[in-house]
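Enquirer: With the sequence up front, the predicted model follows.
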Amino acid sequence: MRSEAILDEATARLAVELNIRPAEAAERLVRQAQHSGLDLISVAKGVEHPAEEAAKVPDVPEWVHSMLEAVHASALYLAPIKDPAGRVVDFLIVAANRHARTVSGRTADELTGRRLLVVSPGVASSGLLDDYIAVFETGDSVHREPLEFVEVRDYLLWPATLSVRAARVDDGLLVSWRVLDDEELLVSGWERAQRLAELGWGEWNLATRRALWTSQMYEMFGRDRADGPLPLEELPTAVVREDLPVVEDELRSLLEHREAVEAEFRIQHRHGVRHLSLFSEPILDAEGVPVKVRSLVQDVTRHRRRERALAVAHEQAHRQRERAEEEHRVTVQLQNTILPVRRGLVHLPGMTVGVRYLPGEELGRLGGDWFKARPIPDGRVLLAVGDAMGHGLTAASIMLQTRSGLAGLAYTGAESGRLTTWLNDLIVHSNEGITVTGTAIIGHFDPEDRSFRWTNAGHPPPVLVRNGKAEPVTGTPGMMLGAFDATEYATTHTPLEPGDTLLLYTDGVVERRGQDVDAGIHALVQAAHNCVGDDPEAMIDCVLKRLGGDDAEDDVCIMAARVL
């Protein structure tokens, strides 16, 4: 606050010294601070009081003094001070009544013959000086009440709440002001509270048929002040038809049953339908006859709109939750139908395969993981694992499409690279206009030479466990399925030996929040190294326990194929 006082007083001093308007003086202060490299407050402190010579007060007619003395509040008569261009930049106080006293305590004797900005720098920051200039130039009077005014004197702030009036009189300006008392401040505060809380008050005199409304009542009912308050008997005419019974019952309770009532109804406002909450009471005479009705009214339109928006949001959330639950149920059924085997050994030519499939249980997190381990007519064994991107019913549908497509294509006897190319074409052209993607490892185990020929379509690499040591199998990486049309995939040849175990898995096994995939693969390799054994099922149990697979957020699918 002290900094504000320093700036305000320095601005007024500079404006007086240079005979310019305060806004221009403030700009000069800023430029001086920029050019000097000093902060603005330091520059402002360096502005000294302007040399003030006693100004020659022009003669004013005697009626001016008489006029000032007739004013009950502090009053001044001002003459304009102009710059060389003829603009009014300040005013000279040429006369003051004996009541005159500024907020900071200056009296009439200290005011006459001095510039307004010198004795009252606060007129600049409060906007009063601009008002005075406008009144002098246009002739339109001004009345500001309440005005939160802050005077500045000797770098101190003197706040007050004022009622200020200004009018042009002849070639000068008549201004008056007074500090509002406690009662006026309370009334002013109540009026502000009414505006903020959108409250209005009204009284209807049933004997004289006269009514009294606060200003907020006119706004709430959308009524012109010139038309006066709405008569009590005409209140139903402003109400929407559906709410007429509410208002009629309210009037009956007030006038016939003589009871206070609380009601809410809608009116047709010029800006649309408004919701009003009304608290009314009848004022009774000595014989119990209603003579007045008083009402406190609040505009609750915003509250009702907020409630409606909240109700709509809750309804939408409820519908979305129901859809999500239904999708979850369908997805679970679809996964159980497509992948009924979640654990257990599968005996295939030349190998024994353990499989573990653990779908995510969190609502909406069910994924599109899938696996395939089965012999094909040419004597080889098809081994594949994959993951359709996304979660929920969409991912499960893509998983079904991918797994079923591969099952049919595998009967052609084509190598894994060609199968993967065909599978990519199937996904791309079966979902026109929608981009769906997935990853997969697709391979064939030949029991005759114990070789594994496989293709990687954007999937984490297999892990080979041999002689108690585990490591990722290096292969030619390929683009994920569905990303691009006409994609070619290479085939990698990996010789296997009796006792080898090949681990195929989805990213749910190796992905953890806050950890990259490479770290997850390294953790899988370490787990496999410590879980060596002859039983693929036991090995899977051990690996998942070490990796915390039971607590994974995503689907978990892992296959352990042990070569016989």
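Expert: Cool, the structure landed.

Enquirer: need the next SSE after the host helix or strand of Glu110, C-terminal direction.
Expert: Per DSSP states H and E, Glu110 falls inside helix 108-111. Going down the chain from helix 108-111, the next helix or strand is helix 116-119, by DSSP H and E.

Enquirer: And the helix or strand just after that following helix, how far out from the chain middle?
Expert: Along the chain past helix 116-119, the next helix or strand (assigned with DSSP H and E) turns out to be helix 122-125. Remark: helix 122-125 is offset 37 Å from the chain centroid, using C-alpha atoms, centre = their mean, to the nearest Å.

Enquirer: Over to stretch 138-152?
Expert: Distance, centroid of stretch 138-152 to centroid of chain: 38 Å (C-alpha atoms, centre = their mean).

Enquirer: Point out where the stretch 451-564 of the chain drops to low pLDDT.
Expert: 549-554 (pLDDT under 70).

Enquirer: hmm, 90 instead?
Expert: Where the stretch 451-564 of the chain drops to pLDDT under 90, the residues are 468, 482-487, 507-508, 510-518, 532-534, 547-557.

Enquirer: Please state the offset of stretch 443-454 from the chain centre?
Expert: Centroid separation for stretch 443-454 versus its chain: 58 Å, with C-alpha atoms, centre = their mean.

Enquirer: What residues sit buried inside it?
Expert: Gly443, His444, Phe445, Asp446, Pro447, Arg450, Ser451, Phe452, Arg453, Trp454 (16 or more other C-beta atoms under 10 Å). Where C-beta positions appear, they are placed from N, C-alpha and C, glycine not excepted.

Enquirer: repeat for stretch 10-23
Expert: Ala10, Thr11, Ala12, Arg13, Leu14, Ala15, Val16, Ile20, Arg21, Pro22.

Enquirer: now the residues you listed in a markdown table, with pLDDT and distance to Val525?
Expert: Below are these laid out as a markdown table (pLDDT from 0 to 100; distance: C-beta to C-beta, whole Å):
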| residue | pLDDT | distance to Val525 |
| --- | --- | --- |
| Ala10 | 88 | 74 |
| Thr11 | 90 | 74 |
| Ala12 | 88 | 79 |
| Arg13 | 89 | 80 |
| Leu14 | 90 | 77 |
| Ala15 | 90 | 80 |
| Val16 | 89 | 84 |
| Ile20 | 92 | 80 |
| Arg21 | 92 | 79 |
| Pro22 | 91 | 77 |
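
Enquirer: right, and the pair among the residues you listed with maximum separation?
Expert: Ala10 and Arg21 (14.8 Å; C-beta to C-beta).

Enquirer: Would you mind listing the outside residues contacting the helix holding Glu110?
Expert: Leu76, Ile93, Ala96, Asn97, Arg98, His99, Ala100, Arg101, Thr102, Val119 (C-beta atoms under 8 Å, 6 or more residues apart in numbering).

Enquirer: so which of the residues you listed is the most crowded?
Expert: Leu76 (27 neighbours; other C-beta atoms under 10 Å).

Enquirer: Could you list the low-pLDDT ranges of the stretch 151-300 of the chain?
Expert: Checking the stretch 151-300 of the chain against pLDDT under 90 turns up 151-163, 178-228, 230-241, 243, 246-280, 282-300.

Enquirer: quick one: the helices in it?
Expert: 182-197, 215-221, 244-255 (DSSP state H, counting those that start in this stretch).

Enquirer: Against which helices or strands is the last one packed?
Expert: Here helix 244-255 is seen to pack against strand 261-269, strand 272-284, strand 290-299 when contacts are counted using 3 or more C-beta pairs under 8 Å, 6 or more residues apart in numbering; DSSP states H and E.

Enquirer: can you pull the contacts of the residue of the chain most remote from its centre?
Expert: In the chain, counting by C-alpha atoms, centre = their mean, Glu448 sits farthest out from the average C-alpha position, at 65.8 Å. Counting by C-beta under 8 Å, 6+ apart, Glu448 touches Gly379.

Enquirer: Wait, a strand at it?
Expert: No: Glu448: not assigned to a strand; according to DSSP: H, G, I helix; E, B strand; the rest coil it is coil.

Enquirer: Need the pLDDT of it.
Expert: pLDDT, Glu448: 94.

Enquirer: What strands flank the helix or strand encompassing Glu145, and is each parallel or antiparallel?
Expert: Assigned by DSSP H and E, Glu145 belongs to strand 142-153. Using DSSP bridges, strand 142-153 pairs in its sheet with strand 156-169 (antiparallel).

Enquirer: List of residues touching the strand it pairs with?
Expert: 1-2, 4-5, 64, 67, 73, 77, 103-104, 122, 128, 131-132, 135-136, 139, 141-152, 173-180, 184-185, 188.

Enquirer: same thing but 6 Å
Expert: 1, 5, 103-104, 132, 135-136, 139, 141-151, 174-180, 185 (C-beta atoms under 6 Å, 6 or more residues apart in numbering).

Enquirer: What of stretch 283-291?
Expert: With C-beta under 6 Å, 6+ apart, stretch 283-291 has contacts from Leu206, Ala207, Leu255, Pro282, Lys292.

Enquirer: From Leu276, how far out is the third one?
Expert: So that's Leu255. According to C-beta to C-beta, to the nearest Å, Leu255 and Leu276 sit 19 Å apart.

Enquirer: So which of those two has more stuff around it?
Expert: Neighbours were counted for Leu255 and for Leu276 using other C-beta under 10 Å; Leu276 has more, 23 against 16.

Enquirer: how about the nearest residue to that one, chain neighbours excluded?
Expert: Using C-beta to C-beta, 6 or more residues apart in numbering and skipping residues adjacent in sequence, the residue nearest Leu276 is Val297, 5.5 Å away.

Enquirer: Distance of the one you found relative to Trp213?
Expert: Going from Val297 to Trp213 by C-beta to C-beta gives 10 Å.

Enquirer: One more: Ala561?
Expert: Ala561 is 88 Å from Trp213, by C-beta to C-beta.

Enquirer: repeat for Leu68
Expert: If you go by C-beta to C-beta, the gap between Leu68 and Trp213 works out to 37 Å.

Enquirer: what do you get for Ala527?
Expert: 80 Å.

Enquirer: Please apply the same query to Glu325.
Expert: 54 Å.

Enquirer: quick one, which of the two is more surrounded?
Expert: Using other C-beta under 10 Å, the more surrounded residue of Glu325 and Trp213 is Trp213, with 21 against 12.

Enquirer: thought that one was touching Trp201?
Expert: No: counting by C-beta atoms under 6 Å, Trp201 is not a contact partner of Trp213; they are 7.6 Å apart.

Enquirer: Got phi/psi on Val64?
Expert: phi -60, psi -50 (degrees, to the nearest 10).

Enquirer: Can you tell me the closest non-neighbouring residue to it?
Expert: Going by C-beta to C-beta, 6+ apart, Val64 has Tyr77 as its nearest residue, at 5.2 Å.

Enquirer: Name the SS class of that neighbour, please.
Expert: Strictly by three-state DSSP, Tyr77 counts as strand.

Enquirer: Run through the bridge partners of it.
Expert: Under the criterion used (DSSP bridges), Tyr77 bridges to Ala95, Leu174.

Enquirer: Show the contacting residues for it.
Expert: Val64, Val94, Ala95, Gly172, Leu174.

Enquirer: now it: how far from Ala15?
Expert: For Tyr77, the distance to Ala15 - C-beta to C-beta - is 21 Å.

Enquirer: Just list the residues touching Leu502, thanks.
Expert: So Leu502 contacts Pro462, Leu464, Ala561 (C-beta under 6 Å, 6+ apart).

Enquirer: try it again with 10 Å
Expert: 351, 353, 383, 441, 443, 445, 452, 454, 462-466, 473, 494, 496, 536, 559-563 (C-beta atoms under 10 Å, 6 or more residues apart in numbering).

Enquirer: Give me the neighbour count for Leu157.
Expert: Residues near Leu157, counting by other C-beta under 10 Å: 17.

Enquirer: Thanks a lot, see you next time.
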